[in-house]
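Student: Got a predicted model here, sequence first, then my questions.
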Amino acid sequence: MTGISIDAALDRAGTGAYQRRLLGIFGLVWTADAMQVLAVGFTAASIAKSFGLTVPQALQAGTLFFLGMLIGAAVCGKLADRYGRRRVLIFTVCCDALFGTLAVFSPDFTSLVVLRFLTGFAVGGTLPVDYAMMAEFLPAKNRGRWLVMLEGFWAIGTLIVALTAWAVSLAGLEDGWRYILAINAVPAIIGIGLRFLVPESPLYLLRSGRGEEAKTVLNQILSGNGKPPLGPELTIVSPPPVKNIGLFSPKLRQRSIMMLAIWFLVSISYYGVFTWMPPKLAADGFGFVRGYGFLVLVALAQLPGYALAAYGVEAWGRRPTLVAFCLLSALGCLLFVVGSGIMIGAALLLMSFALLGTWGALYAYTPELYPTASRATGMGAAGAMARLGGLLAPSLMALVISDGLVLAIGIFAGLLVVAAAAALMIDAETKDLSLT
């Protein structure tokens with residue numbers, strides 16, 4: 001009998017109808033997760049009105065949602081490496097749909113906070129495992145571009161939730177937050193059935209000693225792309241065992257520290273710009289940044305950012321693309337200092353383009369830095385750091401409000417420059433490399 005590696009089998013299969021189907025399934029749930037995350041900002045005022053609260057009090061639901069995401073990312077990543085990607089994804093998507101739907105019918109604010117926390121846990125658990133799994137169905141030469149394409153569904157979710165909130169506002173619906181959360185739950189509900197159509201990762205199966213099952217999945221990929229299946233004379237060659245797989249083991253320590261720092265720094269900047277900055281600008285006379293029409297433009301600006309990132313990770317490499325987008329995001333911060341209405345609008349659009357391109361490069365690069373046995377754990381840790389940044393951003397930025405906009409902008413720009421420097425210190429470029 002002749003042996004063939006998973007990488008060789010995936011190269012033989014290429015990318016085609018099978019990966020497009022996976023992209024649609026993973027992308028649908030990714031869209032749902034984006035809608036749940038961004039609903040925090042779109043629902044606060046309506047929640048406050050429904051339950052007789054102030055807006056800061058209503059935002060506690062968002063705070064608990066992000067806390068749930070932090071815990072879910074850290075826990076579910078480890079579970080996916082131990083028990084399999086497919087099981088964890090089905091569990092998290094079911095929880096997302098269940099708790100996201102129940103939140104629509106919350107009778108009081110306490111119930112809403114609890115259900116939003118549980119929804120956050122499910123969403124946080126879905127995000128890192130989604131990417132670890134998708135990466136393991138792709139050949140090395142196409143992996144980066146397809147992972148950025150998956151991240152591009154975040155922009156679709158952003159656009160849907162902005163348009164939903166706009167429609168609810170125009171209709172003057174009472175308890176508008178219930179309608180927004182109801183729309184948010186639809187993609188997750190649809191995604192439950194679709195998730196059962198996705199098999200376990202062949203690389204995970206092989207690493208778990210289930211070579212025949214891995215071969216069956218590979219043949220499904222080959223057949224789906226119109227290629228002849230692997231014959232009975234071929235066996236799947238097991239890759240050499242990977243030792244010291246802890247995220248902070250000697251082999252992975254430097255890249256883990258640098259990458260987790262980047263996720264944290266970019267997250268603070270992202271949430272600082274798109275959650276704290278708009279109300280501050282509106283208070284200073286730039287009220288258009290809170291308008292739904294402008295928010296739709298901000299969402300649309302994300303799409304070319306993802307497109308350029310998808311091109312860059314394959315043409316220039318993961319690390320150079322990440323560095324370039326971090327620096328472009330820092331440059332975008334400087335436009336805020338000019339202070340005119342046109343330049344403020346241009347700055348927000350540029351930041352939407354550049355920061356979402358940064359996220360695209362991060363999501364393509366991170367899962368490739370870890371071996372299969374710790375890939376989901378690594379993505380989970382990265383997701384947890386992003387959520388921590390989102391939780392801390394409002395508090396940190398509140399400290400500099402009294403000192404004016406320029407200081408805050410300087411902090412954002414500085415954090416992004418530090419993130420670019422950290423990216424340069426990562427000890428691996430993963431373009432065209434096989435997963436281990």
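Tutor: Right, received. Where do you want to start? Numbering: from 1, shown residues only.
Student: now the strands for this structure?
Tutor: 2-4, 234-236 (DSSP state E).
Student: Buried residues in the last one, which are they?
Tutor: Just to be clear, that refers to strand 234-236. Under the neighbour-count criterion of 16 or more other Cβ atoms under 10 Å, strand 234-236 has 234, 236 buried. Quick note: C-beta positions are derived from backbone N, CA and C, even for glycine.
Student: That one - which strands sit beside it in the sheet, and in what orientation?
Tutor: Taking DSSP bridges as the criterion, strand 234-236 pairs within the sheet with strand 2-4 (parallel).
Student: what comes into contact with the strand it pairs with?
Tutor: If you take Cβ atoms under 8 Å, 6 or more residues apart in numbering as the criterion, strand 2-4 is touched by 230, 233-237.
Student: Would you format the strands of the chain as CSV with distance to Leu350 included?
Tutor: Listed next are those as CSV, based on distance: least, Cβ to Cβ, whole Å:
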stretch, distance to Leu350
strand 2-4, 47
strand 234-236, 47
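Student: Could you export those strands as JSON lines, including distance to Leu369 and mean pLDDT?
Tutor: Converted to JSON lines, the strands of the chain look like this (distance: least, Cβ to Cβ, whole Å; pLDDT from 0 to 100):
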{"stretch": "strand 2-4", "distance to Leu369": "26", "mean pLDDT": "79"}
{"stretch": "strand 234-236", "distance to Leu369": "24", "mean pLDDT": "81"}
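Student: Just give me the closest of the contacts of strand 2-4 to Arg86.
Tutor: Checking the contacts of strand 2-4 against Arg86 with Cβ to Cβ, the nearest one is Ile236 at 18.3 Å.
Student: So for the top helix by length along the chain, mean pLDDT?
Tutor: In the chain, assigned by DSSP state H, the helix with the most residues is helix 17-51. For helix 17-51, mean pLDDT is 88.
Student: Go ahead and measure how far it is from the middle of the chain.
Tutor: 11 Å (Cα atoms, centre = their mean, to the nearest Å).
Student: Mind giving me the packing neighbours of that helix?
Tutor: The elements that helix 17-51 packs onto, with contact taken as 3 or more Cβ pairs under 8 Å, 6 or more residues apart in numbering; DSSP states H and E, are helix 55-58, helix 60-83, helix 85-104, helix 109-135, helix 140-151, helix 153-171, helix 176-195, helix 211-224.
Student: Counting neighbours, which bits of it end up buried?
Tutor: With burial defined by 16+ other Cβ under 10 Å, the residues of helix 17-51 counted as buried are 18-19, 22-23, 25-44, 46-48, 50-51.
Student: Which residues are in contact with the closest residue to Leu147 other than its chain neighbours?
Tutor: The shortest distance from Leu147 to any non-neighbouring residue, by Cβ to Cβ, 6 or more residues apart in numbering, is to Ala364 (4.1 Å). Counting by Cβ under 8 Å, 6+ apart, Ala364 touches 143-145, 147-148, 151, 309, 313, 318.
Student: can you pick the most crowded of these?
Tutor: Neighbour counts for those (other Cβ atoms under 10 Å) peak at Ala309, which has 33 neighbours.
Student: what about it, distance to Trp316?
Tutor: 10 Å (Cβ to Cβ, to the nearest Å).
Student: For Val198, what are phi and psi?
Tutor: phi -90, psi 120 (degrees, to the nearest 10).
Student: Kindly tell me how buried it is, as a neighbour count.
Tutor: Neighbours of Val198 (other Cβ under 10 Å): 19.
Student: and if you look at the one 5 residues further on?
Tutor: As a burial measure, Leu203 scores 27 neighbours (other Cβ under 10 Å).
Student: now do Arg253
Tutor: Neighbours of Arg253 (other Cβ under 10 Å): 14.
Student: Give me the pLDDT for Gly72.
Tutor: At Gly72, pLDDT is 93.
Student: check contacts around it.
Tutor: Gly72 makes contact with 92, 120-126 under the criterion Cβ under 8 Å, 6+ apart.
Student: how does it look with 7 Å?
Tutor: 120-125 (Cβ atoms under 7 Å, 6 or more residues apart in numbering).
Student: Same check on Arg12?
Tutor: Arg12 sits in contact with 222, 227, where contact means Cβ under 7 Å, 6+ apart.
Student: Any figure for the gap between it and Val168?
Tutor: The value you get for Arg12 to Val168, if Cβ to Cβ is used, is 49 Å.
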